[in-house]
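Student: next input, structure requested:
(2 chains)
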2 protein chains.
Amino acid sequence: MLYAKNNEDFKQRRLRAIRNDFDSGATQLARNALADLADYAEDCDAANIEALNKEILDLALALQQCRPSVATLATLIQAFIEKIQTLSSELTLNETRQAYGDIAEEVSQAAILAGRQAAQNLASKINKGSRLITHSCSANVMYLCDFLGEQLKEVIITESRPSMEGRTLARYLSKIEMPVQYITEAQIGNFIQQADLAVTGANTLLQDGSLINKSGTRLLALAARDAGIPFYVCAESFKHRPLMPEAITLEEMPAEELGLPQLAHVRARNLYFDLTPARLVTAWADEQGVTQTFINKSS
Amino acid sequence: MLYAKNNEDFKQRRLRAIRNDFDSGATQLARNALADLADYAEDCDAANIEALNKEILDLALALQQCRPSVATLATLIQAFIEKIQTLSSELTLNETRQAYGDIAEEVSQAAILAGRQAAQNLASKINKGSRLITHSCSANVMYLCDFLGEQLKEVIITESRPSMEGRTLARYLSKIEMPVQYITEAQIGNFIQQADLAVTGANTLLQDGSLINKSGTRLLALAARDAGIPFYVCAESFKHRPLMPEAITLEEMPAEELGLPQLAHVRARNLYFDLTPARLVTAWADEQGVTQTFINKSS
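Tutor: Below you'll find the predicted structure:
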């Protein structure tokens, strides 16, 4: 009973951490979950392989479901689940623990590589001397900026209130010596006219190519269209999800983050994500290329 | 010399206050300046009417020029200057001081009444049960909401970072018991779809009907157009200015307001106003009516 309690404690603690992590991007969140699975495979109390399998599947399924709007989490854990089914049945318990950890790491690495490949594919479409505007803080956009380096003239970034991940991006771009203008979301309409292209990552890409990403993305896409510049989404196919926009409920975070004092009749709203319709996306870059017609690769 | 120094002190203090006031809307700012002129007319050191005239004109012209992007300030002070020229030359010094104060008050009242009339004119176009979305905190929009009262189903308002005047609007609407949803600018793309119409006030309306207003207004107008709902500007004709967009330089405020730590290569930008082209405005409401073709009434 003590062992079972320890297992349960670990699982609840990690699920809580993933559920409450709104600072990490989607891929980072999924990688954290995979690292949790590797840790759990190594350390959890299990008398035999069957018990280990049960524990791991139990945690994997719970992680898959704990953030319904983060497609990457579900997709990468699904890849992990499918891969662990193919393991040889001749491994010892300890070898199985080790193999599970290796698979988690392999899936995690594949996600990183796919994101980088998507960024490299998009890079080939970007003219030297371009000014890029982005919103929120995407690992793919970070990699894209690093990859393009001095080929980019400047990057215009938003602070991304209320979670302020724009500050993380500002620190990163400063470190790689990229010239940056840092603006409030409200100023997108001012600065879009200086930009040659807009790029964001994706939280999720839906069946029809619609984009779920940090709130404000839809406004950036509208401003880009109005300014006559392309709006690109740079997202590995792990982020595809076979759902239509109507099926999506966007996560809402605590209203307290907006710092509005309690007022009768006033309801502060704090949706972290918005939906950008496919018609506002110029092209989608993924690990296989850049396409102007969206092809959903989710199973 | 002592007297002249006191006059100068007062003028410099008031000019500084107007120059640094980014909380008041354009009309309130102009009314504050008119109140300053009334105070100065009453109290300044002047041995005779000629000296008083010189003092008042000197302050009026300095106030007119101290906030180039606030048309209302220039226009209302111009109205004040023109009216004081028409005063009878038979008044005593004290009567003249009093008359100047009265004229300042009269111009100030006329501005309020024109704004209210513009709101009433717009109100006649708004269907019962509508949801209105606005950005920033316009005195005209406040009056419009109060005037419509229960005829409005709800008002969706933005916090308007960094100056957060959305909080002032939230407090006002709460007091008049209006149901409100309060959002970040980034969520305009989420909430536009709930709204039946978008309305803002104006800082300035240019020769071609383009709107200068708090940054984020252009995004609201774009979102409204994309969502197929009207975008109205509600602004008395005092806010017209006979200039084309190309002639405008938008004021920039201290970047420190964005709270970004100093970072090499990163420049934080803080433009308070943006320009919404006339093509995104459905109709302009002023004290004479609501028109779908903009008629600039500035002299």
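
Student: may I see the buried residues of stretch A:92-103?
Tutor: A:96, A:97, A:99, A:100, A:101, A:103 (16 or more other C-beta atoms under 10 Å in any protein chain shown). In short, each C-beta sits where N, CA and C put it, glycine included.

Student: pLDDT at the fourth one, what is it?
Tutor: Here the pLDDT value assigned to residue A:100 is 96.

Student: and what of the first one?
Tutor: Per-residue confidence at residue A:96 stands at 96 (pLDDT).

Student: residues contacting it?
Tutor: Residue A:96 sits next to A:41, A:49, A:52, A:87 when contact means C-beta atoms under 8 Å, 6 or more residues apart in numbering or on different chains.

Student: that one is in what secondary structure piece?
Tutor: helix A:93-123 (DSSP states H and E).

Student: grab the nearest non-local neighbour of residue A:225.
Tutor: residue A:280 (5.8 Å; C-beta to C-beta, 6 or more residues apart in numbering or on different chains).

Student: could you measure the closest residue to residue A:122 other than its chain neighbours against residue B:194, distance?
Tutor: Spatial nearest neighbour of residue A:122, chain neighbours left out: residue A:285 (3.7 Å); criterion: C-beta to C-beta, 6+ apart. The gap separating residue A:285 from residue B:194 is 32 Å, by C-beta to C-beta, to the nearest Å.

Student: more crowded one of these two?
Tutor: When residue A:285 and residue B:194 are compared for neighbours, residue A:285 comes out ahead with 25 against 14, by other C-beta atoms under 10 Å in any protein chain shown.

Student: strands paired with the helix or strand hosting that one, and their directions?
Tutor: Residue A:285 belongs to strand A:283-286 when assigned by DSSP H and E. Using DSSP bridges, the strands paired with strand A:283-286 in its sheet are strand A:231-234 (parallel), strand A:289-291 (antiparallel).

Student: got the ones you listed as CSV, with mean pLDDT, mean neighbour count and distance to residue A:158 columns?
Tutor: Shown next, in CSV, are the strands paired with strand A:283-286 (pLDDT from 0 to 100; neighbours: other C-beta atoms under 10 Å in any protein chain shown; distance: least, C-beta to C-beta, whole Å):
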stretch, mean pLDDT, mean neighbour count, distance to residue A:158
strand A:231-234, 98, 26, 14
strand A:289-291, 97, 15, 24
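
Student: quick one: residues contacting the closest residue in space to residue A:99 that isn't next to it in sequence.
Tutor: Spatially, and ignoring its direct neighbours in sequence, residue A:99 is nearest to residue A:87 (5.5 Å; C-beta to C-beta, 6+ apart). The contact partners of residue A:87, taken as C-beta under 8 Å, 6+ apart, are A:96, A:99, A:103.

Student: now do the SS call for residue A:87.
Tutor: When classified by DSSP: H, G, I helix; E, B strand; the rest coil, residue A:87 comes out as coil.

Student: do you know how far it is from residue A:120?
Tutor: 32 Å.

Student: what do you get for residue A:159?
Tutor: 28 Å.

Student: neighbour count winner among the two?
Tutor: Using other C-beta under 10 Å as the criterion, residue A:159 and residue A:120 rank with residue A:159 on top: 28 against 16.

Student: so that one sits right up against residue A:183, yeah?
Tutor: Yes - between residue A:159 and residue A:183 there is a contact under C-beta atoms under 8 Å: 7.2 Å.

Student: what sits against the closest residue to residue A:292 other than its chain neighbours?
Tutor: Closest residue in space to residue A:292, ignoring its immediate chain neighbours: residue A:283 at 4.8 Å, by C-beta to C-beta, 6+ apart. By C-beta under 8 Å, 6+ apart, the contact list for residue A:283 reads A:125, A:230, A:232, A:233, A:290, A:291, A:292.

Student: again, only this time at 6 Å
Tutor: A:232, A:290, A:292 (C-beta atoms under 6 Å, 6 or more residues apart in numbering or on different chains).

Student: what about residue A:294, how many residues nearby?
Tutor: Quick note: residue A:294 (other C-beta under 10 Å) scores 20 neighbours.

Student: list the contacts of it.
Tutor: A:209, A:278, A:284.

Student: ranking those residues by neighbours, who comes first?
Tutor: residue A:284 (26 neighbours).

Student: what's across from that one in the sheet?
Tutor: residue A:233, residue A:291.

Student: my guess is it meets residue A:233, correct?
Tutor: Yes - Residue A:284 lies in contact with residue A:233 (C-beta atoms under 6 Å); the separation is 5.0 Å.

Student: now the helices for the stretch 1-150 of chain A?
Tutor: A:2-19, A:26-43, A:49-65, A:71-85, A:93-123, A:139-148 (DSSP state H, counting those that start in this stretch).

Student: need the least confident one among those, by mean pLDDT.
Tutor: Among the helices of the stretch 1-150 of chain A, helix A:2-19 scores lowest, with a mean of 83.

Student: that one vs helix A:26-43, what angle?
Tutor: 170 degrees (axes from the mean of the first three to the mean of the last three C-alpha atoms, to 10 degrees).

Student: alpha carbons of helix A:2-19, as PDB, please.
Tutor: Taking Å, rounded to 0.1, in the frame of the first residue of the first chain, the C-alpha atoms of helix A:2-19 are listed here in PDB:
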ATOM      1  CA  LEU A   2       2.900   2.400   0.700                       C
ATOM      2  CA  TYR A   3       4.300   1.700  -2.700                       C
ATOM      3  CA  ALA A   4       1.000   2.400  -4.400                       C
ATOM      4  CA  LYS A   5       0.700   5.600  -2.500                       C
ATOM      5  CA  ASN A   6       4.100   6.800  -3.600                       C
ATOM      6  CA  ASN A   7       3.200   6.000  -7.200                       C
ATOM      7  CA  GLU A   8       0.000   7.900  -6.900                       C
ATOM      8  CA  ASP A   9       1.700  10.900  -5.300                       C
ATOM      9  CA  PHE A  10       4.200  11.200  -8.100                       C
ATOM     10  CA  LYS A  11       1.500  10.900 -10.700                       C
ATOM     11  CA  GLN A  12      -0.700  13.500  -9.100                       C
ATOM     12  CA  ARG A  13       2.200  15.900  -8.600                       C
ATOM     13  CA  ARG A  14       3.300  15.700 -12.200                       C
ATOM     14  CA  LEU A  15      -0.200  15.900 -13.600                       C
ATOM     15  CA  ARG A  16      -0.700  19.000 -11.500                       C
ATOM     16  CA  ALA A  17       2.500  20.500 -12.800                       C
ATOM     17  CA  ILE A  18       1.600  19.900 -16.500                       C
ATOM     18  CA  ARG A  19      -2.000  21.200 -15.900                       C
END
